[in-house]
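Enquirer: dropping the sequence and predicted coords here.
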Number of protein chains: 2
Amino acid sequence: MQKTDSLQKRAFPPREIDATDRKILGELARDASVSFARLGEAVGLSAPAVHERVKRLKAQGVIRGTVAHLDGARLGKPLLAFVHVTTKGWGKTRALMSLADLPEVEEIHSATGDTCLIIKVRVASSLALEGLLSRIYDLPEVRATQTYVALSTHLERSPQAEVTQALEEAETLR
Amino acid sequence: MQKTDSLQKRAFPPREIDATDRKILGELARDASVSFARLGEAVGLSAPAVHERVKRLKAQGVIRGTVAHLDGARLGKPLLAFVHVTTKGWGKTRALMSLADLPEVEEIHSATGDTCLIIKVRVASSLALEGLLSRIYDLPEVRATQTYVALSTHLERSPQAEVTQALEEAETLR
DNA sequence: CTTTTTGCCCGAAGCCTGTTCGGAGAATAG
DNA sequence: CTATTCTCCGAACAGGCTTCGGGCAAAAAG
């Protein structure tokens, strides 16, 4: 019998993510409303086995949660734009991060290139976009912004489970 | 009794999205794994009433689906980047749209500004990013690209249900 | 090689939840 | 006032989630 006095056993040891896990993740990334039984058919396992894997993947943080994907246009926010912000000094200030309180702001990244911050926003109208840009400009550390308005969206999805190995293979000479 | 001979009755007439709907959508956009009973408590309705509203919102297309939100880094794709593509002529060609077949490509938008296309990609390494850019450059209609690498992501979420009315209100003089 | 341990899987069963149904109540139109 | 429509609720059924115990194979230990 194993003693576990001083060394606490982890509930989920950091196991490798295998091919079956990726299949499950691929299905869930496309449609998380599928039943465990049907998921099991797709990957060749029983429902309890799939359930255990999904529980582990959630505990490991690979699955960050399940969310409803809403249609921005039907919600009254048909205008999508990317705002590139150039800041004085380092961009990550409390004031800039407070933009996350607005439901119009969907993403905030620190980035390389000319700009320091890339912000993805979805607003009701060009007037609302102007109002949002006005709020950004009011922040003292903002030096300039450049806005790219999405005229049409051809693809928009959450992170996918698969990885294309061919991208990393040695590039042949051109 | 109403005759329905020539005019087929819609299963879900295009009803207005009211405040209760938005509350439900807000909850589901944050966590779609909540039960209808708990959702009903949050908005002051019974489980069947919430169920009917959600069914209608799905039929209307406001809820496009429920998906698992995966962690790109833990899946082996820690590098997020936005690629701006300048194309010859109009950007939306079949070759460019075929980039959607790659699981690394998460978004494709036609955009205003200097660029014609904004592509959001998540890759395993800088080498993989180079390989992906190489594929983009191989397309005949691509004139130039500019890549912004996300150093850190401070916010990344799906479209939110709320709309900030204050953004559209008249801007006072500065 | 034998034994033990570990990890992963499955079938069965209980319980929680999704889903449907019929009816009540309010608001609106006729 | 009456009829219609719409939305809601309580109850009940059915189905899926979740747990449990046990079996099997591979790896590790002896």
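Expert: The structure has been received and is ready for your questions. Computed from a predicted structure; not experimentally measured. Numbers count the residues shown, from 1 in each chain, chains lettered A, B, ... in the order given.

Enquirer: going forward, measure contacts between C-alpha atoms and count neighbours the same way
Expert: Will do.

Enquirer: pLDDT value on the closest residue to DNA strand D within chain A, please?
Expert: Nearest to DNA strand D in chain A, going by C-alpha to the nearest atom of the strand, is A:S35, at a distance of 3.3 Å. As predicted, A:S35 sits at a pLDDT of 97.

Enquirer: can you check A:L102 too?
Expert: Predicted confidence (pLDDT) for A:L102: 97.

Enquirer: give me the contact list for stretch A:151-168.
Expert: With contact meaning C-alpha atoms under 8 Å, 6 or more residues apart in numbering or on different chains, stretch A:151-168 is reached by A:22-23, A:25-26, A:29, A:80, B:67, B:69-72, B:75-77, B:97, B:100, B:102-104, B:106-112, B:122-125, B:127-132.

Enquirer: neighbours around A:G89, how many?
Expert: By the criterion of other C-alpha atoms under 10 Å in any protein chain shown, A:G89 has 11 neighbours.

Enquirer: right, I mislabeled it, should have said A:L70
Expert: A:L70 has 24 neighbouring residues, counting by other C-alpha under 10 Å.

Enquirer: for it, give me the pLDDT.
Expert: 98.

Enquirer: pretty sure it sits against B:K58.
Expert: No: between A:L70 and B:K58 there is no contact under C-alpha atoms under 8 Å: 9.4 Å.

Enquirer: spell out which residues are contacts of both of these two.
Expert: Shared contacts of A:L70 and B:K58, counting by C-alpha under 8 Å, 6+ apart, come down to B:R64, B:G65.

Enquirer: kindly report the domain assignment for chain A.
Expert: A:19-60, A:73-150 (automatic domain parsing).

Enquirer: on that earlier part again, of the contacts of stretch A:151-168, keep whichever come out buried.
Expert: Among the contacts of stretch A:151-168, the ones that count as buried by 16 or more other C-alpha atoms under 10 Å in any protein chain shown are A:22-23, A:25-26, A:29, A:80, B:67, B:69-72, B:75-77, B:100, B:103-104, B:106-111, B:122-125, B:128-129, B:131-132.

Enquirer: coming back round to it: for the residue of chain A closest to DNA strand D, give its distance to B:K55.
Expert: Per C-alpha to C-alpha, to the nearest Å, A:S35 is found 18 Å from B:K55.

Enquirer: which of these two has more neighbours?
Expert: Using other C-alpha under 10 Å as the criterion, A:S35 and B:K55 rank with B:K55 on top: 14 against 10.

Enquirer: name every strand pairing with the lengthiest strand in chain A and say which way it goes.
Expert: In chain A, taking DSSP state E as the definition, the longest strand is strand A:142-156. Note on strand A:142-156: by DSSP bridges, its sheet partners are strand A:79-87 (antiparallel), strand B:105-111 (antiparallel).

Enquirer: how far off centre is it?
Expert: 17 Å (C-alpha atoms, centre = their mean, to the nearest Å).

Enquirer: in that strand, what's buried?
Expert: Result for strand A:142-156 [16+ other C-alpha under 10 Å]: buried residues A:V142, A:T145, A:T147, A:Y148, A:V149, A:A150, A:L151.

Enquirer: and chain A, which residues reach DNA strand D?
Expert: Proximity of chain A to DNA strand D (C-alpha under 7 Å from any atom of the strand) is limited to residues A:V34, A:S35, A:F36, A:A37, A:A47, A:P48, A:H51, A:E52.

Enquirer: for burial, what's the neighbour tally of the fifth one?
Expert: When counting by other C-alpha under 10 Å, one arrives at 15 neighbours for A:A47.

Enquirer: what does the helix or strand of chain A with the lowest mean pLDDT contact?
Expert: One helix or strand of chain A scores below all others by mean pLDDT, DSSP states H and E: helix A:94-97, with a mean of 88. Contacts with helix A:94-97, where a contact means C-alpha under 8 Å, 6+ apart, come from A:I136, A:L139, B:H154.

Enquirer: now flag whichever of those is closest to DNA strand C.
Expert: B:H154 (30.6 Å).

Enquirer: and the closest one, what pLDDT?
Expert: With respect to pLDDT, B:H154 scores 96.

Enquirer: what does A:D114 give?
Expert: At A:D114, pLDDT is 79.

Enquirer: grab the nearest non-local neighbour of it.
Expert: A:T86 (7.4 Å; C-alpha to C-alpha, 6 or more residues apart in numbering or on different chains).

Enquirer: quick check, the one you found in contact with A:C116.
Expert: Yes: counting by C-alpha under 8 Å, A:T86 touches A:C116, with 5.3 Å between them.
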